[in-house]
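Visitor: Mind folding the following:
(2 chains)
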Amino acid sequence: MKTKIKELRARFSITQKQLAKEVGVRRETIVYLEKGKYNPSLILAVKVARALNSTVEELFIFENSDLE
Amino acid sequence: MNNKTKLSLLLAVLISMIIGVFIFATDLFSNGNYKIGLLLVVIASIVIGILLFLIKDCYQNLKDNIPSDDERTKKIRMYAAGSAYFISLYFWILLLAFQKYFDKDDLLIAGLLVMGISFLISLIILRKKELS
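Guide: Model (predicted):
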């Protein structure tokens, strides 16, 4: 899984800490989300998408191999 | 568990540890058991150091209004507990198989240590791993 979280964060000049605080998680969770090493719950995915003025589909990119 | 509760608990454990170590160490030293007394102080110092680090981290999280637990940390803890359960189970079976050769107290201590250590190791490994 790939994400555009880092890209959108940079666009809106939001730090990982600020994003983590806004969505109610620890900064480490945002780090792992950005690296694509953690699959968030639907609620968290929606919260992150809303915080970055985006949609879940735009933010989280799944390849066919990820969906098997 | 929220940050305030976690901080209170850690402080209570720290104070209890310091008092306990002080009492036991002075008792050991007064009875002439310098080696064991010193070993106790050294091990307790390491544990107190770790506790102080955790307290500092918890206090910082409380000040910055960062949650101590989120969905990822809860998931990691759950998976680590699961792994530790199976590792401990196999170890207890092993201990039972060789119970004739060990003292009951030693068996119990070994079993409890493995349970704790396997949980800690699982936590450390799972923190770095990719979680689905």
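Visitor: could you point out which element follows the helix ranked longest in chain B?
Guide: The residue-count maximum for a helix in chain B (DSSP state H) belongs to helix B:34-63. Later in the chain than helix B:34-63, the nearest helix or strand by DSSP states H and E is helix B:71-97.
Visitor: circling back: of all the residues in the longest helix of chain B, which ones are buried?
Guide: Under the neighbour-count criterion of 16 or more other CB atoms under 10 Å in any protein chain shown, helix B:34-63 has B:37, B:40, B:41, B:44, B:48, B:51, B:55, B:57, B:58, B:61 buried. Every C-beta, even on glycine, is put in place using the N, C-alpha and C of the backbone.
Visitor: same deal with stretch B:64-71?
Guide: Quick answer for stretch B:64-71 (16+ other CB under 10 Å): B:66, B:67, B:68, B:70, B:71.
Visitor: picking that back up, any chance of a markdown table for the buried residues of helix B:34-63, columns distance to residue B:80 and pLDDT?
Guide: Shown next, in a markdown table, are those (distance: CB to CB, whole Å; pLDDT from 0 to 100):
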| residue | distance to residue B:80 | pLDDT |
| --- | --- | --- |
| B:37 | 34 | 87 |
| B:40 | 29 | 87 |
| B:41 | 30 | 89 |
| B:44 | 25 | 89 |
| B:48 | 24 | 90 |
| B:51 | 20 | 88 |
| B:55 | 22 | 90 |
| B:57 | 18 | 84 |
| B:58 | 19 | 86 |
| B:61 | 20 | 82 |
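Visitor: now the residues you listed as CSV including distance to residue A:47?
Guide: Output for the buried residues of helix B:34-63, formatted as CSV (distance: CB to CB, whole Å):
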residue, distance to residue A:47
B:37, 53
B:40, 48
B:41, 48
B:44, 43
B:48, 38
B:51, 33
B:55, 30
B:57, 24
B:58, 24
B:61, 19
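Visitor: Which pair in the residues you listed has the greatest spatial separation?
Guide: B:37 and B:61 (35.9 Å; CB to CB).
Visitor: hmm, back to that, now cross-check the buried residues of stretch B:64-71 against chain A and list the overlap.
Guide: Checked against chain A using CB under 8 Å from any CB of the partner chain, these yield the following neighbours: B:66, B:67, B:70, B:71.
Visitor: In a markdown table, list the residues you listed along with pLDDT.
Guide: Below are these laid out as a markdown table (pLDDT from 0 to 100):
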| residue | pLDDT |
| --- | --- |
| B:66 | 81 |
| B:67 | 83 |
| B:70 | 88 |
| B:71 | 91 |
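Visitor: Understood, closing this out.
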